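> Let's see this in three dimensions:
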Amino acid sequence: MSAKALTKAAAKEAKIELIDGGRGTQAVHDVVVAMRAARRSGTANTKTKADVDLSGAKPWRQKGTGRARAGYKSSVIWRGGGVVFGPKPHDYSKKISKSVRRLAFQKALSERINAGDVLTIGELALKEIKTKAFVQLVKKQTNA
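Numbering: from 1, shown residues only. The predicted model follows:
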């Protein structure tokens, strides 16, 4: 594989050793899935009966009222009480090993080189350090 090399004199071919074939496709997939999973916020949250801020006193005495037994108003069967199995904050991030991350980067870079999207810059001596001069140089070399 090779990438277009851009120098001030002329465009040359630079040899870059990268992976070839189907190797690394799964690594790229795993890294993309991990990156997207890490972006998930996972902030859904509900209050359980322990989290609800109500009095801890019994609403009425245990016996003699004719009503059902009640221990506390934050019970899940009461209005304003807690939620039984509601969502809790969750961390969706995944661990990707260094070797898999490196393989995925090599595979992605080799695909971009095969598509002709990569320019390598060797020795570059501009008269003035200006973006305009650099852009003109790149346009001249890529259009040539």
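
> can you list the domain ranges for the chain.
1-22+95-144, 41-91 (automatic domain parsing).

> Out of these, which is closest to Ala34?
Minimum separation from Ala34 across these (Cβ to Cβ) falls at domain 1-22+95-144, 4.8 Å. Every residue, glycine included, has its C-beta placed from N, CA and C.

> Which helix or which strand is home to the residue nearest the centre of the chain?
Nearest to the mean C-alpha position of the chain, by Cα atoms, centre = their mean, lies Met35 at 2.6 Å. Assigning secondary structure by DSSP states H and E places Met35 in helix 25-39.

> Quick check: mean pLDDT of the next helix or strand after that helix?
Later in the chain than helix 25-39, the nearest helix or strand by DSSP H and E is helix 98-114. Across helix 98-114, the average pLDDT comes to 91.

> Mind listing what's buried along helix 98-114?
For helix 98-114, the neighbour count (16 or more other Cβ atoms under 10 Å) marks Val100, Leu103, Ala104, Gln106, Lys107, Ala108, Leu109, Ser110, Glu111, Ile113 as buried.

> can I get those residues in a markdown table with distance to Trp60?
As requested, those are exported to a markdown table (distance: Cβ to Cβ, whole Å):
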| residue | distance to Trp60 |
| --- | --- |
| Val100 | 61 |
| Leu103 | 67 |
| Ala104 | 64 |
| Gln106 | 71 |
| Lys107 | 69 |
| Ala108 | 67 |
| Leu109 | 72 |
| Ser110 | 74 |
| Glu111 | 71 |
| Ile113 | 77 |
